[in-house]
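Trainee: Provided below are the primary sequence and the corresponding predicted coordinates.
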Amino acid sequence: MAANVLLVEDNEQNMELASFLLEEAGWTVVTAMSFEEARRELARQTPDVVLMDMELRGLDGLSLVAEFRRGGGPRFPILALTAHAMRGDKERFLAGGCDGYISKPIDTKTFAAEVARYLARPAREDETT
């Protein structure tokens, strides 16, 4: 299934690896390294899925997720892409408006399949809207 992915990641090496894996799966990847870049991309197009780093410089990923969810625009799945892998982190990100969770470092063999699982699901319609 071809998909359009917005990858929001402020670490260039992580961005290059994730982009490569997703493009190898046949998807179109647009990247953003900051809150402002992500906002501009979402004004231009609606992705099929967003992969959101939770540790962006300046504004954290959960704040950005909350803004997207409040915006009243098109709905799309947002996946937390994070090195936060302690007990309770996944639940915190899901409670904050993310539809899914992928921990870093990513598994290069399963990453695209993990993302694909969320393409068939609708984005959450919850209390953050």
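Mentor: Received the coordinates, thanks. As the structure is a prediction and not an experimental result, all values here were calculated from the model.
Trainee: dump the residue contacts of residue 81.
Mentor: Listed by C-beta atoms under 8 Å, 6 or more residues apart in numbering, the contact set of residue 81 reads 7, 9, 18, 51-54, 102, 104, 106. Just so you know, the C-beta spots here come from the backbone N, C-alpha and C atoms, and that holds for glycine as well.
Trainee: One more: residue 23?
Mentor: Residue 23 touches residue 29, counting by C-beta under 8 Å, 6+ apart.
Trainee: Just the element for it, please.
Mentor: helix 12-24 (DSSP states H and E).
Trainee: Tell me the buried residues in that helix?
Mentor: Buried residues in helix 12-24, counting neighbours by 16 or more other C-beta atoms under 10 Å, are found at 14-15, 17-19, 21-22.
Trainee: One more: stretch 2-9?
Mentor: Buried residues in stretch 2-9 (16+ other C-beta under 10 Å): 3, 5-9.
Trainee: ok, which pair from these is furthest apart?
Mentor: 3 and 9 (17.0 Å; C-beta to C-beta).
Trainee: returning to what we had before: now the angle from the very next helix or strand once past the helix holding residue 23 to helix 12-24?
Mentor: Following helix 12-24 in sequence order, the next helix or strand is strand 28-32 (DSSP H and E). With axes from the mean of the first three to the mean of the last three C-alpha atoms, to 10 degrees defining the directions, strand 28-32 sits at 160 degrees from helix 12-24.
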